[in-house]
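> Sequence and predicted structure below; questions after.
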Amino acid sequence: MADSALYLVNHCRYGAIAQANLDLMGIDPSFHLQKVLPNLGQGIHLLTWDPQHKGLTEQDLAHIQAIGPGSLLAANPVFLTFTQPDPSEPNRFYPCKYIKLDNFLPQELNQAILQHAITHQDKFIPSKSYSKSNTEAESLKFRRSLRLDFAYFQEHGSLLREKIAAVAPQIFAELGIENFDIQIFEMEMIASHDGCFFTAHTDNSYPQTAFRQVSCVYYFHKEPKPYRGGELRIYDTQRQKPHPPILHGAYDEVTPTNNSIVFFSSSCLHEILPVFSPSQAFADSRFTINTWLGAKQFT
């Protein structure tokens, strides 16, 4: 490479090698930042390279291509080819519409799931949110509940999954969602005891959750209901990715009732209002099995 060349580098992923090169930009005019494209991932830097100053070597470039595949399509001393930023999606409106089905499972199965949850109390762990740090302390700012992994309720979860799959086409039609082949069923069991809540959020705002299209909440608890509160509040939502979703004004609330299930768009902002349980006993929690339906896993 006898002439200067341009290289595309993702500023969050190129590491110490490129950082040393960035440091040169303040003192050497032959090596400088040409352009910043913030809409590519978390920001892309377009850098010049001059062989006289040994900025990025061919080995460095190979390393960058390996850790950031797809960003840099081609590079040589004459030209650079790179991926273009995806245009922002159009504004989309998601109404606070939901479908609720009562007596969703046979009573015997409903009670078996409740007893299973109570007897596996020691397997529940604090729920986490997809915050940047993803620590328990950070998560507690947004949600408070206990979570049971699907591995601990596979038998009952599989039976619920079969019933959900059977009604899914009808649910999609009533929600105004285009029918799709369900390729992913993601499930978790949640116990919301006294003081639990979940602030407003969508179910598909993060790369790990982008596949989610329809959210399902199956409710089960003791009778008579030993707690109050815990309503599911669903908001009219306006979204234009990659921007955060915004509330559009109206909302609707779902009161938890035993052996019922609620379906709604995963793109809708929603929250769980605080739960109040006088006994504060785990067995008196607001129990749910949350399920997310998706057609494809995004990476």
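Everything's here; your move.

> Now do the closest residue to residue 180 other than its chain neighbours, the pLDDT please.
In space, and not counting its chain neighbours, residue 180 is closest to residue 295: 4.2 Å by Cβ to Cβ, 6 or more residues apart in numbering. From N, CA and C alone the C-beta is placed, and that goes for glycine too. We note a pLDDT of 87 for residue 295 in this prediction.

> what do you get for residue 228?
Looking at residue 228, its pLDDT is 98.

> For the residue nearest to it when sequence neighbours are not counted, which residues are in contact?
In space, and not counting its chain neighbours, residue 228 is closest to residue 276: 5.1 Å by Cβ to Cβ, 6+ apart. For residue 276, the contact set (Cβ atoms under 8 Å, 6 or more residues apart in numbering) comprises 194-195, 227-229.

> Just the buried ones among the residues you listed, please.
Buried by 16 or more other Cβ atoms under 10 Å: 194, 227, 229, out of the contacts of residue 276.

> Out of the residues you listed, which comes closest to residue 281?
Of all the buried ones among the contacts of residue 276, residue 281 sits closest to residue 194, with 8.7 Å by Cβ to Cβ.

> That closest one: what secondary structure?
Here residue 194 is recorded as coil under DSSP: H, G, I helix; E, B strand; the rest coil.

> Distance check, it against residue 226.
10 Å (Cβ to Cβ, to the nearest Å).

> For those two, list the residues in contact with both.
Residues touching both residue 194 and residue 226 (Cβ under 8 Å, 6+ apart) are 277-278.

> so what's residue 257 closest to, chain neighbours aside?
residue 219 (6.2 Å).

> Could you count how many residues lie near the one you found?
24 (other Cβ atoms under 10 Å).

> which ones are touching it?
Residue 219 makes contacts with 256-262, 286-288, as judged by Cβ under 8 Å, 6+ apart.

> Same check on residue 282?
Residue 282 neighbours (Cβ under 8 Å, 6+ apart): 118, 121, 191, 193.

> which SSE is residue 113 in?
For residue 113, the host element (DSSP states H and E) is helix 107-119.

> Which strands and helices lie in contact with that helix?
Helix 107-119 sits against helix 154-175, strand 212-220, strand 286-294, with contacts defined as 3 or more Cβ pairs under 8 Å, 6 or more residues apart in numbering; DSSP states H and E.

> Name the residues of stretch 98-118 that are buried.
The neighbour-count check on stretch 98-118 (16+ other Cβ under 10 Å) flags 98-101, 104-105, 109-114, 116-118 as buried.

> can you check stretch 263-283 too?
263-272, 274-275, 277, 282-283.

> from what I can see residue 279 touches residue 226, true?
Yes. If you go by Cβ atoms under 8 Å, residue 279 and residue 226 touch, sitting 6.4 Å apart.

> Sketch out the low-pLDDT regions of the stretch 101-250 of the chain for me.
Along the stretch 101-250 of the chain, the model assigns pLDDT under 70 to residues 130-138.

> repeat that for 80
Under the criterion pLDDT under 80, the flagged ranges of the stretch 101-250 of the chain are 129-140, 241-243, 248-249.

> Among the contacts of residue 282, name the buried ones.
Buried by 16+ other Cβ under 10 Å: 118, 191, 193, out of the contacts of residue 282.

> Closest to residue 145 out of those residues?
For these, the residue nearest residue 145 by Cβ to Cβ is residue 191; the value is 6.5 Å.

> separation between the closest residue to residue 128 other than its chain neighbours and residue 127?
Once flanking residues are discounted, residue 128 sits nearest to residue 139: 4.4 Å by Cβ to Cβ, 6+ apart. Residue 139 sits 7 Å away from residue 127, taking Cβ to Cβ as the criterion.

> Among those two, which residue is more densely surrounded?
residue 127 (21 against 18).

> Phi, psi for the more buried one please.
Dihedral angles of residue 127 (phi, psi; degrees, to the nearest 10) stand at phi -70, psi 150.
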